[in-house]
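# What shape does this take:
(one chain, ligands or ions: 2)
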Amino acid sequence: MTAAAPAPLRLDPADQAWMKDPATRAVMDALEAARPGASRYVGGCIRNALLGKPVADVDIATRLLPEQVIEAARAAGLKPVPTGLRHGTISIISDGRPFEVTTLRRDVETDGRRALVAFTQDWNEDARRRDFRLNALYADRNGTIFDPTGGLADLDPCRFVFVGSAENRIREDYLRTLRLFRFEAWYGAGAPDREGVEAAARLKQGLHALSAERVWSELKKLLAAPDPGPAIAVMAEHGILSEILGVNGNLRILGGIINQDISAGLEPDPLLRFAALVGGGPERIRIMAAKLKMSNAESQRLQGAVDPSLCGEVEAAFTDMAAAERAIMSLGARAFEDQVRLSAAGDVAPPPRDWTLLAKFAREWQQPDFPVSGGDLILLGYEPGPMLGDAMDALKAHWIAERFEPTREELIARLKH
Ligand code: ATP
Ligand code: MG
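Numbering: from 1, shown residues only. Ligands and ions are numbered 1, 2, ... in the order given. Predicted coordinates:
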């Protein structure tokens, strides 16, 4: 008796909300109308569907050339946007969302950062230029899975194995090192693939070839995983983390923040986790922000989180609500909450201090308005400039110290003296 060949693995479109979604179907219909059988779903959507994880964005690989994709979209009344025309990527906007449609391709030349590509009609070639076997799974519109590189073997336990030689694949594009740890953090189970990690460690200096923007964006995605702790620990152990950050990283405080998120059911907050990981004060944050080309908003948020000027008040806030009010008034609610969480994350011995009450208080407390303005001081004869600013600051400090009780009249009278 011969064993029956195993049925090909299939995703049932009826069970997959993203496949049933009329926006997805409109894109697939448009491509199929241009050339039946030439287009397949690929990458994260298939990986996540097989892992039972939510599918955020849908990527499609196609034998159609970019101009044919544009044509197909237009013929179906959808909007094509040539986001990466030279690389063969057209975004098709459907129901207001972009679907990335990329012509099958192979890398002709790579330099560690970007690739020169050639289009192909060969699904296997397209699979070979992808980073991980689990990211090189395809499915047609009926859900039939195609696995040119053996990615299905990596599903359980989930691990990310490079397509081909890890060393070569990282040399082609050093971002793949960070993608390895990001995907491990999000989906990996158990220890990550040894060959991949060892190659990443050997080639860690290549990370400097990457643009700061790509590193920072990838780092944030890594830190946004529900529990990036184990992946980051492996990066630290192999010197990859210090290669990126320039410092070793404080895994203990990071772990404290992650535990807070998990125990309080909070959305992961990559910036706060970053502040926990890099530690240090405003100077270190300033250097990091410049090095990683963070946005002003990000850099300011981090500066607030590590601003040491009121650390005494923040510590006192755990037992004294008046200190909490003073600190919120001076730091702002966001920075106060960040500092409270960072402080509690560093607690070694139980019982931990309750940061949740303080965080809630920071969010809900209505800050009283400071009743005196710069105009009032000018009426009193102050010249606009630093002297006026100093006088305002001193007056506000007094008002905060007095629990916001002094009235406008009392404050102005104080100035007159
Ligand atoms: P997610 O969208 O959840 O971040 P994804 O796997 O879809 O995950 P994308 O960055 O959207 O990741 O890329 C889509 C696919 O393109 C990947 O699954 C992979 O096959 C391929 N890919 C993306 N970036 C690279 C890279 N740097 N090197 C090789 N292949 C890549
Ligand atoms: Mg994707």
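# can we go C-alpha only for contacts and neighbour counts from here?
Noted.
# hey, where'd the helices end up in the stretch 101-250 of the chain?
Ranges of helices in the stretch 101-250 of the chain, per DSSP state H, counting those that start in this stretch, are 123-128, 166-172, 175-187, 194-202, 212-223, 229-237, 240-245.
# Next secondary structure after the last one?
It stands for helix 240-245. helix 251-264 (DSSP states H and E).
# and that next one, how far out from the chain's middle?
Centroid separation for helix 251-264 versus its chain: 17 Å, with Cα atoms, centre = their mean, to the nearest Å.
# Using CSV, lay out the helices of the stretch 101-250 of the chain together with mean pLDDT and mean neighbour count.
As requested, the helices of the stretch 101-250 of the chain are arranged in CSV below (pLDDT from 0 to 100; neighbours: other Cα atoms under 10 Å):
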stretch, mean pLDDT, mean neighbour count
helix 123-128, 97, 20
helix 166-172, 97, 20
helix 175-187, 98, 22
helix 194-202, 98, 18
helix 212-223, 98, 18
helix 229-237, 97, 19
helix 240-245, 96, 19
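# could I get the ones you listed as a markdown table with distance to Gln367?
Putting those into a markdown table (distance: least, Cα to Cα, whole Å) gives the following:
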| stretch | distance to Gln367 |
| --- | --- |
| helix 123-128 | 57 |
| helix 166-172 | 51 |
| helix 175-187 | 39 |
| helix 194-202 | 49 |
| helix 212-223 | 32 |
| helix 229-237 | 36 |
| helix 240-245 | 37 |
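# Look up how far Met19 lies from the residue of the stretch 151-300 of the chain found nearest ligand 1.
Using Cα to the nearest ligand atom, Arg176 is the residue of the stretch 151-300 of the chain that sits closest to ligand 1, at 5.3 Å. The spacing between Arg176 and Met19, counted by Cα to Cα, to the nearest Å, is 28 Å.
# circling back to that earlier point, you'd agree the residue of the stretch 151-300 of the chain closest to ligand 1 is up against Arg130?
No - the criterion here is Cα atoms under 8 Å, and Arg176 misses it with Arg130 at 9.9 Å.
# Am I right that Arg106 is in contact with Arg129?
Yes - if you go by Cα under 8 Å, Arg106 and Arg129 touch, sitting 5.8 Å apart.
# still on that earlier bit, quick one: contacts for the residue of the stretch 151-300 of the chain closest to ligand 1?
Asp131, Arg169, Ile170 (Cα atoms under 8 Å, 6 or more residues apart in numbering).
# what's the closest of these to Ile258?
The shortest approach to Ile258 among the contacts of Arg176 belongs to Asp131, at 28.1 Å (Cα to Cα).
# pLDDT score assigned to that closest one?
What the model reports as pLDDT for Asp131 is 98.
# go on, Gly84?
89.
# Distance of the nearest residue to it once chain neighbours are set aside relative to Ala33?
Leaving out its chain neighbours, the residue that sits closest to Gly84 by Cα to Cα, 6 or more residues apart in numbering is Ile90, at 6.3 Å. Look at Ile90 and Ala33: by Cα to Cα, they are 17 Å apart.
# More neighbours: which of those two?
Taking other Cα atoms under 10 Å, Ile90 and Ala33 do not tie; Ile90 has more neighbours (27 against 15).
# Mind listing the strands the helix or strand harbouring that one pairs with, and their directions?
In this structure, Ile90 is located in strand 89-94 according to DSSP H and E. Looking at strand 89-94 with DSSP bridges, its partner strands are strand 79-84 (antiparallel), strand 97-103 (antiparallel).
# Quick check: which of those is nearest to Ile400?
Of all those, it is strand 97-103 that lies closest to Ile400, at 48.3 Å by Cα to Cα.
# And that closest one, what's buried?
Pro98, Phe99, Glu100, Val101, Thr102, Thr103 (16 or more other Cα atoms under 10 Å).
# can you redo the residues you listed as JSON lines with pLDDT and distance to Lys293?
Output for these, formatted as JSON lines (pLDDT from 0 to 100; distance: Cα to Cα, whole Å):
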{"residue": "Pro98", "pLDDT": "97", "distance to Lys293": "26"}
{"residue": "Phe99", "pLDDT": "98", "distance to Lys293": "28"}
{"residue": "Glu100", "pLDDT": "98", "distance to Lys293": "27"}
{"residue": "Val101", "pLDDT": "98", "distance to Lys293": "30"}
{"residue": "Thr102", "pLDDT": "98", "distance to Lys293": "29"}
{"residue": "Thr103", "pLDDT": "97", "distance to Lys293": "32"}
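# Can you tell me which of the residues you listed is nearest His417?
After measuring the buried residues of strand 97-103 against His417 - Cα to Cα - the closest member comes out as Pro98, at 64.4 Å.
# Please name the residues that touch the closest one.
Pro98 sits next to Ser91, Ile92 when contact means Cα under 8 Å, 6+ apart.
# let's go with 10 Å and repeat that
Pro98 sits next to Ala23, Thr24, Val27, Asp57, Val58, Asp59, Lys79, Pro80, Val81, Ile90, Ser91, Ile92 when contact means Cα atoms under 10 Å, 6 or more residues apart in numbering.
# I figured the first one hits Asp57, correct?
Think Ala23. No - applying Cα atoms under 10 Å as the test, Ala23 and Asp57 come out as separate, 11.6 Å apart.
# Of those two, give the one with the bigger neighbour count.
Counted by other Cα under 10 Å, Ala23 and Asp57 do not tie: Ala23 has more neighbours, with 18 against 14.
# quick one: terminal-to-terminal distance for stretch 9-19?
One end of stretch 9-19 to the other measures 16 Å (Cα to Cα).
# How about stretch 305-325?
This stretch, stretch 305-325, spans 17 Å end to end (Cα to Cα).
# How about Asn124: what's its closest non-neighbour residue?
Spatial nearest neighbour of Asn124, chain neighbours left out: Pro148 (5.8 Å); criterion: Cα to Cα, 6+ apart.
# OK, contacts around the one you found?
Counting by Cα under 10 Å, 6+ apart, Pro148 makes contact with Trp123, Asn124, Glu125, Asp126, Ala127, Arg128, Arg133, Ala136, Leu137, Tyr138, Val163.
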